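A.B. asks: please find the sequence and the predicted model below.
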Amino acid sequence: MRIALSTGGGDAPGLNAVIRGAVLAAVHRGWQVAGIRRGYGGLLGDDEIVPLGAKEVRGITHLGGTILGTTNRGDPFRWRQQQPDGTWIDRDRSDEAVAAFRGHGLDVLIAIGGDGSLAIARRLMAKGIPVIGVPKTIDNDVGGTVATFGFDTAVATATEAIDKLHSTAESHERVMVVEVMGRHAGFIALNSGLAGSADVILIPEIPFDLSKVCEKIRNREAEGRHFSIVVVAEGAVPKGGTESYLDSQHRRLGGMGERVAQAIEQATGKETRSLVLGHLQRGGSPTTFDRLLGLRFGAAAVRFIAERKFGMMVALQPPAIVAVPIEQALATPKRVPLDSDSIATARDLGISFGD
């Protein structure tokens, strides 16, 4: 058996742990592993395919990023290519990718990525490549699994930042607005906001009313609490409003934190500052939880290959790692349930969701 590994989409802490878990599990079965560099670029001549053995994955569990590199614009079905006149076009190079896969003598693909990367893997599977999926996203929005690796680290990073903002917010009697990642899911904002003792948490699942946010801040002021911490998910939406994009063409979310901060200062007169954590949430060493989950996911992917469970995605359904159909995992993106215990806990603690 000759296994190919690819890492696509945004990076996430724990990717290297998955790679190490899969490589060692394969090596111990006497199988070979090859790493496709930079998404599918290694199949299409933009990069290379490299052998992976015990030596290549030694000492990488604790490292952030991915030793294979990644890209969020590497869809072989819509490959961006520059023309001689300088313009760009999208080309379907999927048949080339399949031919290259077979030409390298590869038998099965372990596709490590979020919903976009898994959707590409599913389409490659329809063209005859056996696939096992591994869910990767700091946003925790892939269906079928309780958690994705990278999420715990992102929450820990955001929580640490919120902790540090408390002292400066209180010293200057300011409102501090922190924008965190998460796309259309509020898991990072909710969990870091709860853990970091935020006063307001704005998530995509609950459209917010700015007057309610300001009411919370004024109430704290009346109680002698002259500062407030507001955590805003990048995909948060005001009631009757729209999402905020830094790049509308590519639908890249961002800017809602600054919009909220400006509105708060204008409505309350409180000095307000905003901070965007951005890619800090993707970087650094994975937490213990993400290292273990990554190793478990990687080893499980190889076990599922041995069991010929192609077309499946590894998933955490505690206490076990199970196989769920990729199709099923992609069918319904995961969002924060409005009846979740975390939402109830936040409300019990007096945290405002702006509703």
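C.D. replies: Structure received. Just so it is clear, the structure is predicted and the values come from calculations on it, not from any experiment. Numbering: from 1, shown residues only.
A.B. asks: going forward, measure contacts and count neighbours with C-alpha atoms only.
C.D. replies: Noted.
A.B. asks: got the domain boundaries for the chain?
C.D. replies: Here the domain parsing of the chain from automatic domain parsing is 2-149+286-318, 153-283+338-348.
A.B. asks: for L330, find the nearest of those domains.
C.D. replies: Shortest separation from L330 across the domains of the chain is recorded for domain 2-149+286-318, at 6.2 Å, computed as C-alpha to C-alpha.
A.B. asks: hang on, the earlier thing: would you mind giving the domains of the chain as JSON lines with mean neighbour count, distance to Q328 and mean pLDDT added?
C.D. replies: Putting those into JSON lines (neighbours: other C-alpha atoms under 10 Å; distance: least, C-alpha to C-alpha, whole Å; pLDDT from 0 to 100) gives the following:
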{"stretch": "domain 2-149+286-318", "mean neighbour count": "20", "distance to Q328": "7", "mean pLDDT": "94"}
{"stretch": "domain 153-283+338-348", "mean neighbour count": "19", "distance to Q328": "18", "mean pLDDT": "93"}
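A.B. asks: what ranges does the stretch 1-150 of the chain have for its strands?
C.D. replies: When secondary structure is read from DSSP state E, counting those that start in this stretch, the stretch 1-150 of the chain shows strands at 2-7, 32-36, 49-52, 79-82, 88-91, 108-113, 131-135.
A.B. asks: returning to that earlier point: nearest to G354, out of the domains of the chain?
C.D. replies: Proximity to G354 (C-alpha to C-alpha) singles out domain 153-283+338-348 among these, at 4.5 Å.
A.B. asks: let me see the ranges of the helices in the chain.
C.D. replies: Taking DSSP state H as the criterion, the chain carries its helices at 15-27, 94-103, 115-126, 151-172, 187-195, 210-222, 256-268, 288-306, 326-331, 341-348.
A.B. asks: verify the stated contact: T7 with G42.
C.D. replies: No - in this structure, T7 is not within contact of G42 by C-alpha atoms under 8 Å, at 11.2 Å.
A.B. asks: who touches both of the two?
C.D. replies: When C-alpha atoms under 8 Å, 6 or more residues apart in numbering defines a contact, the residues bordering T7 and G42 alike are I36.
A.B. asks: tabulate the strands of the stretch 1-150 of the chain (JSON lines), appending distance to D141.
C.D. replies: As requested, those are exported to JSON lines (distance: least, C-alpha to C-alpha, whole Å):
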{"stretch": "strand 2-7", "distance to D141": "17"}
{"stretch": "strand 32-36", "distance to D141": "25"}
{"stretch": "strand 49-52", "distance to D141": "30"}
{"stretch": "strand 79-82", "distance to D141": "25"}
{"stretch": "strand 88-91", "distance to D141": "27"}
{"stretch": "strand 108-113", "distance to D141": "12"}
{"stretch": "strand 131-135", "distance to D141": "9"}
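A.B. asks: out of these, nearest to R122?
C.D. replies: If you check each of the strands of the stretch 1-150 of the chain against R122 by C-alpha to C-alpha, strand 131-135 wins as the nearest, at 7.5 Å.
A.B. asks: distance between that closest one and the chain's centre?
C.D. replies: Strand 131-135 has its C-alpha centroid displaced from the chain centroid by 15 Å (C-alpha atoms, centre = their mean, to the nearest Å).
A.B. asks: next one: stretch 106-118
C.D. replies: Here stretch 106-118 is found 15 Å from its chain centre; the criterion is C-alpha atoms, centre = their mean.
A.B. asks: kindly report the same for stretch 223-238.
C.D. replies: On the basis of C-alpha atoms, centre = their mean, stretch 223-238 sits 22 Å off its chain's mean C-alpha point.
A.B. asks: how long is that stretch end to end?
C.D. replies: Start and end residues of stretch 223-238 are separated by 27 Å (C-alpha to C-alpha, to the nearest Å).
A.B. asks: ok, stretch 183-201 next?
C.D. replies: 15 Å.
A.B. asks: and D47, what is it in contact with?
C.D. replies: With the criterion set at C-alpha under 8 Å, 6+ apart, D47 makes contact with R37, R38, G41.
A.B. asks: oh sorry, the question was meant for E48
C.D. replies: Applying C-alpha under 8 Å, 6+ apart to E48 gives the contacts I36, R37, G41, G42.
A.B. asks: isn't V18 up against A300?
C.D. replies: No - between V18 and A300 no contact is recorded; they are 9.7 Å apart, counting by C-alpha under 8 Å.
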